[in-house]
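Visitor: Mind folding the following:
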Amino acid sequence: MLINDMDVPRIRKEGLSGVLWYFLKKNDIAIDIAEADRLHHDFYIIVRNNLYLFYKLRLILKSLAEINIHPIVFRGMSLLGDVYPDFGMRPILDIDLLIKKDELDLAKQTLKRHRLISDKKGISLRSDLVIDLHTGIFSPSSIWLNRPFLKYTERFFEMSRWKELDGLRFRVPCPEHTILSLAAHMQHHSFERLLGLYDIYMVLDKYGDELDRDILIADAKEMNLLKTIDYVFYLMPCLSEFFSLTGQDKWKADRYFPVSDFNRFEKRILGAVKERRYMPFSGQMLFVMNMDGYLGKLQALLSIIFQGEGPIYKKISDRASKALQAMRALLFHAMLSF
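Guide: Sure thing, here's the model as predicted:
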């Protein structure tokens with residue numbers, strides 16, 4: 001059939017061009033030739049980049065296995081081959097590895113020795129490849145936001161599963177923890193692209209039958225991510241259907257919050273997301289507002305603005321920009337409180 005009203009430019013902007021091209025070809029659907037050429041081009045660019053990253057992942061995991069370190073591959077790279085069956089469906093920008101804190105220094109030293117990273121941040125020797133070594137589900141520099149997670153790193157490893165792709169065997173999170181890490185990452189980037197929501201949709205589509213609702217809720221609560229899951233289910237209500245299919249239809253009644261249960265700050269942010277109006281820093285401010293107590297909120301805010309491991313971790317201009325964005329968001333929140 002023909003899809004004449006498809007907004008291909010928006011789909012490309014949201015990071016979903018590979019998914020759309022795969023869907024069109026699989027279902028033999030025709031669209032405008034010029035738009036089809038753009039999607040086709042995007043698809044093969046994604047394939048090329050992902051194959052290169054997967055090749056690097058193989059080298060990294062081999063180097064770490066030699067010293068008996070077996071990290072968890074998570075976020076985008078963990079979804080290739082099963083959640084996204086084709087290498088051209090989902091663009092991957094970097095390699096995210098979850099490593100136990102007591103193994104981090106040795107892992108960095110080993111990867112440096114093999115010339116796979118060049119500094120302590122995990123930046124590759126090639127400017128187009130970033131390897132992020134995490135001890136938490138947020139970016140390595142978001143120290144305060146990672147704190148609730150650090151106690152549960154061992155649980156992530158205990159519940160992880162082994163995956164094999166093109167002869168490479170590696171650890172990935174269980175479906176429940178995959179959803180939590182994707183949701184946290186998406187909010188951390190202020191729900192900038194729909195790709196994050198689609199990731200969660202695809203995980204549920206693939207593993208919905210084996211997903212344990214109780215584990216998802218309990219672990220989200222322990223890791224201070226329960227509100228994050230509520231945001232995701234509000235932004236994409238169709239996700240609740242997966243729980244109904246598995247006989248867990250109490251999800252919507254127990255945890256799905258209608259908009260009336262969000263405060264005005266949350267309503268404004270989520271409303272902007274639904275309208276696809278990007279509000280920088282808004283997702284991180286939602287994390288701050290959901291921290292317990294004023295001290296917790298202040299510590300989280302300072303951690304976000306002055307994130308890093310040392311006083312010269314980022315340029316002063318970058319910190320000033322983050323501070324201004326934070327003050328703007330705080331002012332906006334204060335105005336809504338009256």
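Visitor: ok, which stretches of the stretch 151-300 of the chain are helices?
Guide: Along the stretch 151-300 of the chain, the segments classed as helices by DSSP state H, counting those that start in this stretch run 153-159, 175-188, 195-207, 213-222, 226-235, 240-245, 250-254, 264-274, 282-289, 293-305.
Visitor: Which among those helices is found nearest to Lys25?
Guide: Shortest distance between Lys25 and the helices of the stretch 151-300 of the chain, using Cβ to Cβ, is found for helix 195-207: 17.3 Å. For every residue, glycine as well, the C-beta is placed using N, CA and C.
Visitor: Mean pLDDT lowest where, among the helices of the stretch 151-300 of the chain?
Guide: For these, mean pLDDT drops lowest on helix 250-254, to a mean of 48.
Visitor: Arg90: which of the helices of the stretch 151-300 of the chain is closest?
Guide: Arg90 lies closest to helix 195-207 among the helices of the stretch 151-300 of the chain, at 7.5 Å (Cβ to Cβ).
Visitor: by how many degrees do the closest one and helix 226-235 diverge?
Guide: 90 degrees (axes from the mean of the first three to the mean of the last three Cα atoms, to 10 degrees).
Visitor: CA atoms only: put helix 195-207 into CSV for me.
Guide: Taking Å, rounded to 0.1, in the frame of the first residue of the first chain, the C-alpha atoms of helix 195-207 are listed here in CSV:
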residue,chain,number,x,y,z
LEU,A,195,14.1,6.3,19.5
GLY,A,196,14.3,5.7,23.3
LEU,A,197,10.6,5.0,23.6
TYR,A,198,10.7,2.7,20.6
ASP,A,199,13.6,0.8,22.1
ILE,A,200,11.4,0.0,25.1
TYR,A,201,8.5,-0.9,22.8
MET,A,202,10.7,-3.3,20.9
VAL,A,203,12.1,-4.9,24.1
LEU,A,204,8.5,-5.6,25.3
ASP,A,205,7.5,-6.9,21.9
LYS,A,206,10.4,-9.3,22.0
TYR,A,207,10.4,-10.4,25.7
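Visitor: among the helices of the stretch 151-300 of the chain, which is nearest Ser17?
Guide: That would be helix 195-207 among the helices of the stretch 151-300 of the chain, by Cβ to Cβ, at 10.0 Å.
Visitor: now for that closest one, which elements pack on it?
Guide: The contact analysis (3 or more Cβ pairs under 8 Å, 6 or more residues apart in numbering; DSSP states H and E) places helix 195-207 against helix 175-188, helix 226-235.
Visitor: Strands of the stretch 51-200 of the chain, start to end?
Guide: For the stretch 51-200 of the chain, the strands defined by DSSP state E, counting those that start in this stretch occupy 72-74, 95-98, 131-134, 161-165, 168-172.
Visitor: can you put these in JSON lines and add mean neighbour count and mean pLDDT?
Guide: Below are the strands of the stretch 51-200 of the chain laid out as JSON lines (neighbours: other Cβ atoms under 10 Å; pLDDT from 0 to 100):
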{"stretch": "strand 72-74", "mean neighbour count": "25", "mean pLDDT": "96"}
{"stretch": "strand 95-98", "mean neighbour count": "26", "mean pLDDT": "93"}
{"stretch": "strand 131-134", "mean neighbour count": "21", "mean pLDDT": "87"}
{"stretch": "strand 161-165", "mean neighbour count": "13", "mean pLDDT": "96"}
{"stretch": "strand 168-172", "mean neighbour count": "18", "mean pLDDT": "96"}
